[in-house]
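Novice: based on what follows, work out the 3D shape:
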Amino acid sequence: MLRDGKGINSGLSLITASDKALADPGKRAAIADFLKRLNKANDWAIANPDAYAQVYAKLSRLPLNTSKSITQRGARELRPVSDDDIRALQTVADRSYQDEILPTRIEVHSIATQSIWTK
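Specialist: Numbers count the residues shown, from 1 in each chain. Below you'll find the model as predicted:
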């Protein structure tokens, strides 16, 4: 049986970094710079959907109509992790633990941070 991820996956995409990297001032600054650049590129992609689809088609070697469909579905504003996101991810983590995909239960709130986000 083939199905979608409703009730199983949050559908969220996240940027992750280790506690060790976040504790290092140089690495933390590099991560913050990366997030700023990623946000700028993402804003351009949202503002220029046709141009973005053309770039995506060239890089992925997919037909332009397929690339337009993919880039339209993925075009979302980047934002910090919210309390609602943490709850949704906790549901996924709990389900994954229950299904023995994860070997231990994870408290998502304890590993999420908003402190590095800049817009």
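Novice: report how many residues lie close to Arg95.
Specialist: 14 (other CB atoms under 10 Å). Bear in mind the C-beta positions are built from the backbone N, C-alpha and C, glycine included.
Novice: what about it, helix or strand, and which?
Specialist: Using DSSP states H and E, Arg95 maps to helix 83-98.
Novice: against Trp44, how distant is Ser115?
Specialist: In this view, Ser115 and Trp44 are 26 Å apart by CB to CB, to the nearest Å.
Novice: do Arg105 as well
Specialist: The gap separating Arg105 from Trp44 is 40 Å, by CB to CB.
Novice: nearest residue to Glu77 in space, please, no chain neighbours.
Specialist: Nearest non-adjacent residue to Glu77, counting by CB to CB, 6 or more residues apart in numbering: Ile46, 6.8 Å away.
Novice: give the contact list for the one you found.
Specialist: Listed by CB atoms under 8 Å, 6 or more residues apart in numbering, the contact partners of Ile46 are Ala75, Arg76, Glu77.
Novice: 10 Å - rerun?
Specialist: For Ile46, the contacting residues are Tyr52, Thr71, Gly74, Ala75, Arg76, Glu77, Leu78, by CB atoms under 10 Å, 6 or more residues apart in numbering.
Novice: and the least confident of those residues?
Specialist: Note: of the contacts of Ile46, the lowest pLDDT belongs to Ala75, at 71.
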